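Q: Below is the sequence, then the predicted model.
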Amino acid sequence: MSDLRIQQPDGDAAFKSWQYVHNVIIPTHPLSLEEVRERARRHHLEIAYLDDELVGCSTVRPPTGETLTATVIARVLAAHRRRGFGEELYARGLDRARELGAEVIETVVLSSNEDGLRFALKHGFVEIERYLLPGDTIPWIDLRLS
């Protein structure tokens, strides 16, 4: 384990940190601070710091549907990749999804995020769908843990 400090955002400063990572990694779908606050009410969000430096964030969308499918997303800023931080965020997210009763685990990656797609495939996810959201030009990829 590294010296990462991982916590749930608990105020505007922390929500802004989570928002920053999301918007850097998903530039085609930037979120406002209010949208981040709303997501925090529906999903389990975490942010990661190395000392006081922002490293990444994660999202766990709780299980839904008859299949009890949860979505786990780990995001790491480019300067901090390939150091095991994504592993920690992903493992925590996976544990949280299973604690919430998930039987199926999915993730979603913007197709232009080659590092994120490589990470998902390396961890046993397989592509199940590619699609464009209205107004987008870069496809999203839904993947399921096999």
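A: Received it, and whenever you're ready, just let me know what you need. Residues are numbered from 1 along each chain as shown.

Q: Secondary structure element holding the residue sitting nearest the centre point of the chain?
A: Taking CA atoms, centre = their mean, the centroid of the chain lies closest to I73, which sits 2.4 Å from it. Using DSSP states H and E, I73 sits within strand 69-76.

Q: Let me see the contact set for the spatially closest residue to D3 that is not a sequence neighbour.
A: Leaving out its chain neighbours, the residue that sits closest to D3 by CB to CB, 6 or more residues apart in numbering is L50, at 6.4 Å. Backbone N, C-alpha and C define where each C-beta goes, glycine included. By CB atoms under 8 Å, 6 or more residues apart in numbering, the contact list for L50 reads 2-5, 80, 85.

Q: Let me see the ranges of the strands in this structure.
A: Here the chain has its strands, by DSSP state E, at 4-7, 44-50, 53-64, 69-76, 104-110, 125-131, 140-145.

Q: tell me the most buried of those?
A: Comparing these by mean neighbour count (mean count of other CB atoms under 10 Å), strand 69-76 ranks first with a mean of 24.
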